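A.B. asks: sharing a model prediction with you, sequence too.
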Amino acid sequence: MLYHFLVPLSEQMQIFNVFRYLSFRMGGAILTALLISFILGPSLINWMKVKQGKGQPIRKDGPQTHIVAKAGTPTMGGLLILLSLVVSTLLWARLDNMYVWVVLGVTVMFGLLGFVDDYLKVTKQNTAGVVGQGKLVFQFLIAFGAAYLCVKTLGATPNVPDGIETSVPVPFFKDLFIPLGMFFFLCFASIVIVGSSNTVNLTDGLDGLAIVPVMIAAMSYLLICYVTGNIKYAEYLQILYIPGVQELGIICACIFGAGLGFLWFNAPPAMIFMGDTGSLSLGGALGAIAVASKHEIVLAIIGGLFVVEGLSVMIQIASFKLTGKRVFRMAPIHHHFEQLGWKESTVVIRFWIVAVILALIGLSTLKLR
């Protein structure tokens, strides 16, 4: 919004010319999202304490220490993240960019689903929430539509090689693309978006555990979108050039700023949980950004921590149904380490370190080809 209002005035007042620069707007987006979080955070937390009463219900089959330590903590903290992220994006992004609206749409719609899920959990005081199948159907419909818009936008871009919009680039190879065709690509992209959303949701089980890896992934994709949307950098790195996708760096910056503000209140002992409102929306946003920037497989590397969390649940369920035995002491895997005797803070910080390492490996795919 600021770009559209102030850039036309740059001829009269040269200082407004800075709004042309993406790097300036990224910095402004981070600070704006952070400031909104700091301003709204205390009031939102107090309001939720009054409205929610007993707060988020704690899983009875989870670690017993959580039942006492975390009981009564308000949830739906994702509202704080969403408000900060959306307002900051609308202020600092170019609103004539289709990719921005696609990612924002996924973020808001997944956040709405998460809000309904959190609301049902709080009002009914159980951990069931929205029926799982209904949740997945809704997510796949939104993801399918978002993927279709990304395909059409890229396909309509001049000088883009034919068929590239429905192909998947393979990391570490400069000219290796897997052609899937429209239908199978849309299915693949939908799985990326929905999978990212739900694995982030599974990771959100300890204070600060999910938000920092999300911030790390967001900053990684900020760099990826920036170079992918810049023809000089794209040619130098020998990656696919996608005009306009650099604007998604603004959303990545907003995720980082909003996440940083939320972490202030979510740091152990957490004053508020992000709930499904935050985890589903943030995971969906990362998945949509990966699809739009044509770095879908790289997300499995950068977000490898989320992948492992999701796989641990799938392995645990499959093993128990097939053999009656559990592979892990408790799933998702962060609870397994708690059961081994690791302190919560130890699990969280070590998982953060793993997230940084994976992000560096993922970013290395930009150069190692």
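C.D. replies: Nice, I can see it. Residues are numbered from 1 along each chain as shown.

A.B. asks: who are the contact partners of R369?
C.D. replies: 172-174, 237-239 (Cβ atoms under 8 Å, 6 or more residues apart in numbering). From N, CA and C alone the C-beta is placed, and that goes for glycine too.

A.B. asks: return the alpha-carbon coordinates of stretch 228-236 using CSV.
C.D. replies: C-alpha atoms of stretch 228-236 as CSV (Å, rounded to 0.1, in the frame of the first residue of the first chain):
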residue,chain,number,x,y,z
THR,A,228,14.8,-16.0,-7.9
GLY,A,229,13.0,-12.8,-8.7
ASN,A,230,16.1,-10.9,-9.7
ILE,A,231,17.3,-11.7,-13.2
LYS,A,232,21.0,-10.9,-12.5
TYR,A,233,21.2,-13.1,-9.4
ALA,A,234,19.1,-15.9,-11.1
GLU,A,235,21.4,-16.0,-14.1
TYR,A,236,24.5,-15.9,-11.9
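
A.B. asks: doesn't V168 lie inside a strand?
C.D. replies: Yes: the assignment for V168 is a strand, going by DSSP: H, G, I helix; E, B strand; the rest coil.

A.B. asks: residue contacts, the closest residue in space to G278 that isn't next to it in sequence?
C.D. replies: Closest residue in space to G278, ignoring its immediate chain neighbours: G78 at 2.5 Å, by Cβ to Cβ, 6 or more residues apart in numbering. By Cβ under 8 Å, 6+ apart, the residues touching G78 are 111, 114-115, 118, 274-282.

A.B. asks: check which helices and strands the helix or strand containing F306 sits against.
C.D. replies: Assigned by DSSP states H and E, F306 belongs to helix 304-323. With contacts taken as 3 or more Cβ pairs under 8 Å, 6 or more residues apart in numbering; DSSP states H and E, helix 304-323 sits against helix 181-203, helix 333-339, helix 344-364.

A.B. asks: let me have those in TSV, extended by distance to V130.
C.D. replies: Below are the helices and strands packed on helix 304-323 laid out as TSV (distance: least, Cβ to Cβ, whole Å):
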stretch	distance to V130
helix 181-203	12
helix 333-339	22
helix 344-364	27
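
A.B. asks: where among the ones you listed is average confidence lowest?
C.D. replies: Lowest mean pLDDT within the helices and strands packed on helix 304-323: helix 333-339, at a mean of 92.

A.B. asks: C-alpha coordinates for the helix holding F306, CSV please?
C.D. replies: C-alpha atoms of helix 304-323 as CSV (Å, rounded to 0.1, in the frame of the first residue of the first chain):
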residue,chain,number,x,y,z
GLY,A,304,13.5,-30.9,7.5
LEU,A,305,12.7,-30.6,11.2
PHE,A,306,9.0,-30.4,10.4
VAL,A,307,9.3,-33.3,8.0
VAL,A,308,10.9,-35.5,10.8
GLU,A,309,8.2,-34.5,13.2
GLY,A,310,5.5,-35.5,10.8
LEU,A,311,7.3,-38.8,9.9
SER,A,312,7.6,-39.7,13.5
VAL,A,313,3.9,-39.6,14.0
MET,A,314,3.2,-41.6,10.8
ILE,A,315,5.8,-44.2,11.7
GLN,A,316,4.4,-44.5,15.3
ILE,A,317,0.9,-45.0,14.1
ALA,A,318,1.8,-47.4,11.3
SER,A,319,4.0,-49.5,13.7
PHE,A,320,1.4,-49.6,16.4
LYS,A,321,-1.3,-50.7,14.0
LEU,A,322,0.8,-53.3,12.2
THR,A,323,2.8,-54.8,15.1
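
A.B. asks: would you mark the buried spots in that helix?
C.D. replies: If you call a residue buried by 16 or more other Cβ atoms under 10 Å, then helix 304-323 has these buried ones: 304-310, 312-313, 316.

A.B. asks: okay if I get those as JSON lines plus pLDDT and distance to C254?
C.D. replies: Formatted as JSON lines, the buried residues of helix 304-323 follow (pLDDT from 0 to 100; distance: Cβ to Cβ, whole Å):
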{"residue": "G304", "pLDDT": "96", "distance to C254": "23"}
{"residue": "L305", "pLDDT": "96", "distance to C254": "21"}
{"residue": "F306", "pLDDT": "96", "distance to C254": "20"}
{"residue": "V307", "pLDDT": "97", "distance to C254": "24"}
{"residue": "V308", "pLDDT": "96", "distance to C254": "27"}
{"residue": "E309", "pLDDT": "96", "distance to C254": "24"}
{"residue": "G310", "pLDDT": "95", "distance to C254": "25"}
{"residue": "S312", "pLDDT": "95", "distance to C254": "30"}
{"residue": "V313", "pLDDT": "94", "distance to C254": "29"}
{"residue": "Q316", "pLDDT": "94", "distance to C254": "35"}
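
A.B. asks: from those, which is closest to L206?
C.D. replies: Distance to L206 across those (Cβ to Cβ) is lowest for E309, with 11.1 Å.

A.B. asks: I'd say that closest one and I333 touch.
C.D. replies: Yes: the pair formed by E309 and I333 meets the contact definition of Cβ atoms under 8 Å, at 5.9 Å.
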